[in-house]
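In: Build the 3D model from these lines:
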Amino acid sequence: MTFDPRKRLASILERILSPRTLWPGLFLLFLLLSVSAWLLRPMPTRAAVLFFPRASDGRLEGEPRQVLPGGAGLEEGARMVMEEFLLGPEDTSRIGALPRGTRLREILYRRGRLYVDLSEEAVFAENPSLETGLRAVRKTLRYNFPTLGTVVVTVDGREPGVLGLGTAEEPKKK
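Out: The predicted structure is shown next:
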């Protein structure tokens, strides 16, 4: 009995190309290729401009960023932009518009108005002031969503400028 490589190769090819082996093998190959392509796809992002005060003079200056697109609708897009905004600036020539630890509590879009509610840590703003921080929030949202009507920013459910929040003047006692 002699070893014939041609017969051996023909036997292996017949086994591989049999329908019982070929179709499940091709299925597994394409499944692995599909899963690999899905896992290695780039994460979709959208361009946004976030406004932060300059460290030198406090004027608002735009910083381009790539943010996650969010879900469907203005609320989800604005939520993603605000979450990125609260992380602060990347450039060291700018400072954070709101104090560290400030969180986004809620965003609602109703009748052409976008309501943004921030956590109470926002009132502890010193440099820059709360007024500058809120102006940066409004400018960031209006720039990134040009069809947006009014932006109403509240802190812990209350509007700044109303008694009890940092930017209003307390009444003088008589």
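
In: any idea how far residue 86 is from residue 43?
Out: Residue 43 sits 20 Å away from residue 86 when distances are taken as C-beta to C-beta, to the nearest Å. Every C-beta, even on glycine, is put in place using the N, C-alpha and C of the backbone.

In: err, residue 70, not the other one
Out: When C-beta to C-beta is applied, the distance between residue 70 and residue 86 equals 15 Å.

In: Show me which of these two is the more surrounded one.
Out: Shown here are residue 70 and residue 86; by other C-beta atoms under 10 Å, residue 86 has more neighbours (20 against 16).

In: was I right about the more buried one contacting residue 101?
Out: No - using C-beta atoms under 8 Å, residue 86 is not in contact with residue 101, being 9.3 Å away.

In: If you count neighbours, what's buried in stretch 135-147?
Out: Applying a neighbour-count criterion of 16 or more other C-beta atoms under 10 Å, the buried positions in stretch 135-147 are 135-142, 144-145.

In: Export these to a markdown table and append columns for pLDDT, secondary structure and distance to residue 29.
Out: What follows is these, written out as a markdown table (pLDDT from 0 to 100; DSSP: H, G, I helix; E, B strand; the rest coil; distance: C-beta to C-beta, whole Å):
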| residue | pLDDT | secondary structure | distance to residue 29 |
| --- | --- | --- | --- |
| 135 | 94 | helix | 57 |
| 136 | 95 | helix | 53 |
| 137 | 95 | helix | 51 |
| 138 | 95 | helix | 54 |
| 139 | 96 | helix | 53 |
| 140 | 96 | helix | 48 |
| 141 | 95 | helix | 48 |
| 142 | 94 | helix | 51 |
| 144 | 93 | helix | 44 |
| 145 | 91 | coil | 45 |
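
In: Can you tell me which of those residues comes closest to residue 122?
Out: Of all the buried residues of stretch 135-147, residue 137 has the smallest distance to residue 122: 9.2 Å, by C-beta to C-beta.

In: Now do the same contact list for the closest one.
Out: Residues in contact with residue 137, defined by C-beta atoms under 8 Å, 6 or more residues apart in numbering, are 82, 85, 97-98, 116, 118, 151, 153.

In: that older thread, just put the buried residues of stretch 135-147 in JSON lines and tack on distance to residue 48.
Out: As requested, the buried residues of stretch 135-147 are arranged in JSON lines below (distance: C-beta to C-beta, whole Å):
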{"residue": "135", "distance to residue 48": "17"}
{"residue": "136", "distance to residue 48": "13"}
{"residue": "137", "distance to residue 48": "13"}
{"residue": "138", "distance to residue 48": "15"}
{"residue": "139", "distance to residue 48": "12"}
{"residue": "140", "distance to residue 48": "8"}
{"residue": "141", "distance to residue 48": "10"}
{"residue": "142", "distance to residue 48": "12"}
{"residue": "144", "distance to residue 48": "5"}
{"residue": "145", "distance to residue 48": "10"}
